[in-house]
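Colleague: got a structure for you, letters missing:
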């Protein structure tokens, strides 16, 4: 529930900042200090959104996994044979 509120809040902030950046670029140009600053702030918000999404997706990922570092693999003819390392 907290994640949904954070995502909703970030989505709103991203939308507002994107509009601010577009308006600033129309007013003072794409390379003006104000436009670049708005772009950097938008990047920061988007990075935070992506980190939050990745954290949520990792929590949902409950697939079992094999720690490959504990196995050694060697090819015997056409078959791949593995043995557990001590």
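Modeller: Yep, that arrived. If you're wondering where the values come from, they're calculated on a predicted model, not measured in any experiment. Numbering: from 1, shown residues only.
Colleague: using the three-state scheme, assign residue 6.
Modeller: helix (DSSP: H, G, I helix; E, B strand; the rest coil).
Colleague: so it sits against residue 55, correct?
Modeller: No. With contact defined as CB atoms under 8 Å, residue 6 does not reach residue 55; the gap is 10.0 Å. For every residue, glycine as well, the C-beta is placed using N, CA and C.
Colleague: which one's more surrounded, those two?
Modeller: Remark: of residue 6 and residue 55, residue 6 carries more neighbours, 14 against 11, as counted by other CB atoms under 10 Å.
Colleague: give me the spatial nearest neighbour of that one, chain neighbours excluded.
Modeller: Sequence neighbours aside, residue 52 is the residue nearest to residue 6 in space, at 5.9 Å (criterion: CB to CB, 6 or more residues apart in numbering).
Colleague: wait, is that neighbour part of a helix?
Modeller: Yes. Applying three-state DSSP, one finds residue 52 inside a helix.
Colleague: which phi and psi values does residue 32 adopt?
Modeller: phi -70, psi 150 (degrees, to the nearest 10).
Colleague: neighbours around it, how many?
Modeller: Residue 32: 13 neighbours (other CB under 10 Å).
Colleague: do residue 53 as well
Modeller: Around residue 53 there are 13 residues (other CB under 10 Å).
Colleague: how about it, what does it touch?
Modeller: residue 7 (CB atoms under 8 Å, 6 or more residues apart in numbering).
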